[in-house]
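# Structure, please.
(4 chains)
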There are 2 protein chains.
Amino acid sequence: MTGRTGPADSEATRKPRRSTQQKSAISAELSTLGGFVSAQELHRLLNASGSGIGVATVYRQLNRLADDGEIDTVTSPDGERLFRSCHTAEHHHHIVCRQCGTAVEISPPVEQWLDDVGRSNGFTAISHTFEVFGICADCSTSAETS
Amino acid sequence: MTGRTGPADSEATRKPRRSTQQKSAISAELSTLGGFVSAQELHRLLNASGSGIGVATVYRQLNRLADDGEIDTVTSPDGERLFRSCHTAEHHHHIVCRQCGTAVEISPPVEQWLDDVGRSNGFTAISHTFEVFGICADCSTSAETS
DNA sequence: TCCACTAGTGATAACGACTATCAATAAATA
DNA sequence: TATTTATTGATAGTCGTTATCACTAGTGGA
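Residues are numbered from 1 along each chain as shown, chains lettered A, B, ... in the order given. Predicted structure coming up:
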């Protein structure tokens, strides 16, 4: 016991969360982009526009935002994690453009199905990833005319 | 023109393929294991049982086997690739035990659905990953009784 | 308003998975 | 058996991501 009063963890698990310029810059950039971006790319973009945010901070904030459910994450085919600001809190999936990161939300008919399959095979604590990549209409037309 | 006769690429793209002890050892270990393993783990196991196979070789063979469709690959939630010998050549998915790597083949009702969704959103060249992880019956019971 | 406290930052080292390099080795073929 | 060259293995390098740690800057109280 330290004797400090403290905010007595308002939510389930207390998490101080202090608002900083970097955090705002990151979320801002993320929402103006719209599509999915890698942490590396985001870091590059942020520094290109002047702010001297470090890589570590980008990763930190991105992870935190993801934990808090404020952004969506996806793992690209080559193992890189991609992020995008998302407003739907509930579980959903995307079809993501390999080229520009544009994403459309989809709801594949697998959630219920998965439960059944898991149960009937004796599996518990089931988690799943369903990620779809493709080339969006814009990118495929611009590729043709080049 | 080198003048060599050569096998005139029997398949689509010619690929010499020479049979080596290492390759056999790797596929053997893979099929006795049964479940999914990471390249690193496989390398560890192989060296534990005497053979002095290098990491590079493990990765090379694993990649080659995967390319040839002789083994299945899956990407774990933390980005590591897992391999297992598989006999079904056609496209399918698995539900994999996070603990022991045991896998059951599943065929989620998404293949056709995906086509439709992709088309209706203007996406082409669609690829998808659908990976399910859980704890198998064996592992969950052994965890209880510990 | 000033201060103490500490979450958050940033530079960089470290880490882990994976790949490239390259001399040496060992299958296949003549 | 000799020749050719695919394959190997040790190792350095790449790349994404995280840990470390001294320092900076929100925040709440005096």
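
# confidence score at the residue in chain A that DNA strand C sits nearest to?
For chain A and DNA strand C, the shortest gap (C-beta to the nearest atom of the strand) falls at residue A:54, measuring 2.7 Å. Backbone N, C-alpha and C define where each C-beta goes, glycine included. Predicted confidence (pLDDT) for residue A:54: 97.

# Next, count neighbours for it.
By the criterion of other C-beta atoms under 10 Å in any protein chain shown, residue A:54 has 12 neighbours.

# List the contacts of residue A:103.
Residues near residue A:103 by C-beta atoms under 8 Å, 6 or more residues apart in numbering or on different chains: A:35-36, A:74, A:84, A:94-97.

# where along chain A do the helices fall?
Ranges of helices in chain A, per DSSP state H, are A:21-33, A:39-48, A:55-67, A:111-120, A:137-144.

# Now residue A:79. Nearest residue, chain neighbours left out?
Of all residues not flanking residue A:79 in the chain, residue B:79 sits nearest, at 4.5 Å (C-beta to C-beta, 6 or more residues apart in numbering or on different chains).

# So what's the predicted local confidence for the one you found?
Residue B:79 carries a pLDDT score of 91 in this model.

# can you list contacts of stretch A:111-125?
Contact with stretch A:111-125 is made by A:91, A:126, A:128, B:95, B:97-98, B:104, B:106, B:108-109, B:132, B:134-137, B:140, as judged by C-beta under 8 Å, 6+ apart.

# Residue A:93 touches residue A:106, doesn't it?
Yes. Assessed by C-beta atoms under 8 Å, residue A:93 is found in contact with residue A:106 at 5.4 Å.

# so what's in contact with these two at the same time?
Taking C-beta under 8 Å, 6+ apart as the criterion, residue A:93 and residue A:106 both touch residue A:132.

# Tell me which of the two has more neighbours.
Each of residue A:93 and residue A:106 has its neighbours counted (other C-beta under 10 Å); residue A:93 has more, 22 against 16.

# Tell me how far the more buried one lies from DNA strand D.
Remark: distance between residue A:93 and DNA strand D (C-beta to the nearest atom of the strand, to the nearest Å) = 19 Å.
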